[in-house]
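Participant: Take a look and give me a structure for this.
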Amino acid sequence: MLELLRQDFPDISISKIRYLEDQGLVEPQRTAAGYRKFTPGHVDRLRYVLGVQRDHYMPLRVIREHLDAVDAGLEPPVGRFGAGVAQGQFAPRLVEVVPEEPRPQPQRRFSRAQVLMAAEIDDDVLTALQAHGLVTPRPSGQFDADAITVARTAGELAIFGVEPRHLRAFRTAADREAGLIEQVTNPIRARGDGSGARADDVAQELSNLTVQLHAVLLKAALERGRS
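Facilitator: Reported below is the predicted structural model:
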């Protein structure tokens, strides 16, 4: 099922599908073991949701109204559905069982020397990144994989004259966005009864949306600067 969707939506993941299920946009059946069962109708329904969200920037609330219209036998306001997409028309054939996501493995830790080698930067650059709060070692003095990504990106930006001190604004913006996401997810997480996984899915979805919004706003700002 993921392979079918990835033809048009390369970034689709089980977490994304679980989030759309939590929002009531698709309702796969469950096996006795708790696995989800998807039919071609579910795939069509997901393809519509993802396509409208991507191409028309519609919120899920509006997309849900579109799905309600289709379930009532009406034509969708935008886009196209495949055959048998309505909830009541799910065909029992070609059922696929999708297991739950595997539990995340413990993150690897890296020494300072390993970070410098992997990121291909000098020690003074890493020191500057630490000083500006862009990279923070663990209490043990080791770093995680994200530190390598940040350090490598900072090294590439340095080629264009962008120094670590210029990147502080990115950390500040990220902290503010994280705070906003936590305002939404903390109440979900506090419900208990396995709500932690749902809160993580919502956080991931919000993170993806903020990245998308940032990219669009940056593009618009650059276009205004050229006009």
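
Participant: got the contact list for Leu5?
Facilitator: Shown in contact with Leu5 (CB atoms under 8 Å, 6 or more residues apart in numbering): 12, 43, 46-47, 50. Where C-beta positions appear, they are placed from N, C-alpha and C, glycine not excepted.

Participant: List the contacts of stretch 196-205.
Facilitator: In contact with stretch 196-205 (CB under 8 Å, 6+ apart) are residues 15-16, 18-19, 22, 181-182, 184-186, 188-189.

Participant: from those, which would you call buried?
Facilitator: 15-16, 18-19, 181, 185, 188-189 (16 or more other CB atoms under 10 Å).

Participant: from the contacts of stretch 196-205, which two are the most distant?
Facilitator: Distances among those were taken as CB to CB; the most separated pair is Lys16 and Asn186, at 21.3 Å.

Participant: out of the contacts of stretch 196-205, which are inside helices?
Facilitator: 15-16, 18-19, 22, 181-182, 184-186, 188-189 (DSSP state H).

Participant: all helices of this structure, in order?
Facilitator: Under DSSP H, the chain gives helices at 2-6, 14-22, 40-56, 60-71, 112-119, 123-131, 145-158, 168-189, 195-226.

Participant: now those helices as JSON lines including distance to Arg138 and mean pLDDT?
Facilitator: Output for the helices of the chain, formatted as JSON lines (distance: least, CB to CB, whole Å; pLDDT from 0 to 100):
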{"stretch": "helix 2-6", "distance to Arg138": "34", "mean pLDDT": "80"}
{"stretch": "helix 14-22", "distance to Arg138": "26", "mean pLDDT": "81"}
{"stretch": "helix 40-56", "distance to Arg138": "37", "mean pLDDT": "86"}
{"stretch": "helix 60-71", "distance to Arg138": "37", "mean pLDDT": "84"}
{"stretch": "helix 112-119", "distance to Arg138": "11", "mean pLDDT": "92"}
{"stretch": "helix 123-131", "distance to Arg138": "12", "mean pLDDT": "94"}
{"stretch": "helix 145-158", "distance to Arg138": "9", "mean pLDDT": "92"}
{"stretch": "helix 168-189", "distance to Arg138": "18", "mean pLDDT": "91"}
{"stretch": "helix 195-226", "distance to Arg138": "22", "mean pLDDT": "85"}
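
Participant: can you tell which of the ones you listed is closest to Pro77?
Facilitator: helix 60-71 (5.6 Å).

Participant: Give me the angle between that closest one and helix 14-22.
Facilitator: 70 degrees (axes from the mean of the first three to the mean of the last three CA atoms, to 10 degrees).

Participant: from here on, count from 5
Facilitator: From this message on, residue numbering opens at 5, which makes the last subject helix 64-75.
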